[in-house]
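S.K.: When you get a sec, could you give me coordinates for this:
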Amino acid sequence: MAVERQAEPPISTEDTCKRLIYIANVRPKYYCGGPDKYTQIKPGKLQFLKETIGSDYNLLLKTIESVNEDPLIPFRKQIFNMLCSPMLFEEASKECKTDICTLIHKIMKYDEDFFEYIHCMSLCNKRKFTKSARRAVRLYYKGKTPSQLAQYYADTMSVHGWTHRRLIKFCHIKAESPAHEIVLSYIMKKKCVDTEDDEVKKNLEYMKKCDELRKENQK
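M.R.: Presented below is the predicted three-dimensional model:
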């Protein structure tokens, strides 16, 4: 005798959002795999995101923001993947895209999150960066002090093929101060500029030393 398959009881839009974040599926099915498995946007996911963005995008953003604090999220990259895809939707208004950019910077816990966002954005739109993506990159670098930028340059040379130099050039990043300009200049040209600012000197020496160590490790 054939067993009648019971229909899945409906769940709220908020809970469906959480499913996407935790198991990368709008249905109660979990597939083992790494981040690449999580970043695949299947038709079911795409339809749900489009419907949610078109009807109540604030619910999606609020859910992502609340879940962001959970240390048990399997892959944080999935959060940025869910925020990048709507940037290309016709259903997404200008206000929606602006709010997404704001949230992206708000939920970044680690500098690595920034490069994960860039990677997801490049996967979603392989032809070009959207204006919203460029704006997000500018906001990121604008929010860094010279010392913070020097530290992150030293810690992270590149992720997924994206480097600081490439992003700074690609998005036409402008310096916020003379000290900021000196650090950006080193990243772009690898040249140390004379300065009387002890803190800036310390930043330049630190970045230069890290570059020297990288070259030694490549031999």
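S.K.: Count the neighbours of Glu212 for me.
M.R.: Applying other CB atoms under 10 Å, we find 10 residues neighbouring Glu212. Placement of C-beta: from N, CA and C, glycine included.
S.K.: Same check on Thr13?
M.R.: Thr13, neighbours per other CB under 10 Å, totals 15.
S.K.: Could you check how far it is from Ile118?
M.R.: 28 Å (CB to CB, to the nearest Å).
S.K.: One more: Glu176?
M.R.: Taking CB to CB, one finds Glu176 at 20 Å from Ile118.
S.K.: When the two are compared, which one has more neighbours?
M.R.: Between Glu176 and Ile118, counted using other CB under 10 Å, the more crowded position is Ile118 (23 against 15).
S.K.: Show me what the helix or strand harbouring the more buried one is packed up against.
M.R.: Taking DSSP states H and E as the definition, Ile118 sits inside helix 111-124. Identification of packing neighbours for helix 111-124 by 3 or more CB pairs under 8 Å, 6 or more residues apart in numbering; DSSP states H and E yields helix 77-84, helix 131-142, strand 158-159, strand 162-163.
S.K.: which residues does the residue lying closest to Thr156 once chain neighbours are set aside contact?
M.R.: Sequence neighbours aside, Asp111 is the residue nearest to Thr156 in space, at 6.4 Å (criterion: CB to CB, 6 or more residues apart in numbering). Counting by CB atoms under 8 Å, 6 or more residues apart in numbering, Asp111 touches 152, 155-156.
S.K.: Give me the buried positions along the helix or strand encompassing Ile182.
M.R.: Using DSSP H and E, Ile182 sits within helix 178-189. By 16 or more other CB atoms under 10 Å, the buried positions in helix 178-189 come out as 179-180, 182-184, 186-187.
S.K.: Of all the residues in stretch 90-105, which ones are buried?
M.R.: 92, 96-97, 100-101, 103-104.
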